[in-house]
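K.L.:
let me see the structure of the following:
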Amino acid sequence: MSRATDWIPSMWMDTFEELLDDDNELDYGDQWSLNFSYSQTASVTKEERKRGWKVYSHCAYGNFQCATCRKTWPSARVVVLFRYRLRSEAGRGTVIMRPFGQACRRCKEDVFELPGFSQEVVENTLLRLFGKIRKNCYGEDDDDDDGSSTSSTKVWTKPHEKTLCEACRMGICCQDD
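P.N.:
Below you'll find the predicted structure:
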């Protein structure tokens, strides 16, 4: 039985497929796929840009559990990084996702636990991503573009601890939004 603290790639894959197949979120006839990379960064080289790669960083609400001491904690600042591109000549689009982790304050180890998300957060995050794809790959207006990528539901959590945040250490956290 999974908890909201478990990192579940299949939940992301299934929701991605459902939004594409059942809800026709990207109804342009191209095949889109979702993959995971746990080492990708937010920087895109000039060469990657020429090949059509774009980056979207989203800040979501998630939960963590320390594998060592089993402590759990919520965070309203969980960074999910997406790289995506459309190869229109091939009729294929690729999305590569990376969730960023947080370390346990109690254990003080440099181990970043991966976040767990609710189904609602997964769906809302992917809908925001699809809005970016429609805008940047298909030229649609982004209805949702208020300049911010944070979730609209504000949830109170303890102050963000930059030293325990993997995204902060890489300089791409949503803390400064």
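
K.L.:
when you work out contacts or count neighbours from here on, use the C-alpha atoms and nothing else.
P.N.:
Fine.

K.L.:
the biggest strand by length in the chain: how far from the chain's middle?
P.N.:
Ranked by number of residues, the top strand in the chain under DSSP state E is strand 72-87. How far strand 72-87 lies from its chain's middle: 2 Å, per CA atoms, centre = their mean, to the nearest Å.

K.L.:
send the alpha carbons of stretch 111-120 over as PDB?
P.N.:
This file holds the C-alpha atoms of stretch 111-120, laid out as PDB (Å, rounded to 0.1, in the frame of the first residue of the first chain):
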ATOM      1  CA  VAL A 111      20.600  11.900   1.600                       C
ATOM      2  CA  PHE A 112      17.800  13.500  -0.400                       C
ATOM      3  CA  GLU A 113      14.500  11.600  -0.100                       C
ATOM      4  CA  LEU A 114      12.300  11.700  -3.200                       C
ATOM      5  CA  PRO A 115       8.800  13.300  -2.700                       C
ATOM      6  CA  GLY A 116       5.400  11.700  -2.700                       C
ATOM      7  CA  PHE A 117       2.500  13.500  -4.300                       C
ATOM      8  CA  SER A 118      -1.300  13.200  -4.200                       C
ATOM      9  CA  GLN A 119      -3.100  12.300  -7.400                       C
ATOM     10  CA  GLU A 120      -4.600  15.900  -7.500                       C
END
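
K.L.:
outside of it, which residues touch it?
P.N.:
Stretch 111-120 is contacted from outside by 3-8, 11, 61-67, 78, 99-104, 164-166, using CA atoms under 8 Å, 6 or more residues apart in numbering.

K.L.:
okay, which residue is most central for this structure?
P.N.:
With distances taken as CA atoms, centre = their mean, residue 80 lies nearest the centre of the chain, 2.5 Å away.

K.L.:
for that residue, what are its contacts?
P.N.:
Taking CA under 8 Å, 6+ apart as the test, what residue 80 contacts is 57-60, 97-100.

K.L.:
partners of it in the sheet?
P.N.:
Following DSSP bridges, residue 80 is listed with bridge partners residue 58, residue 99.

K.L.:
so in this structure, which helix runs the longest?
P.N.:
helix 119-138 (DSSP state H).
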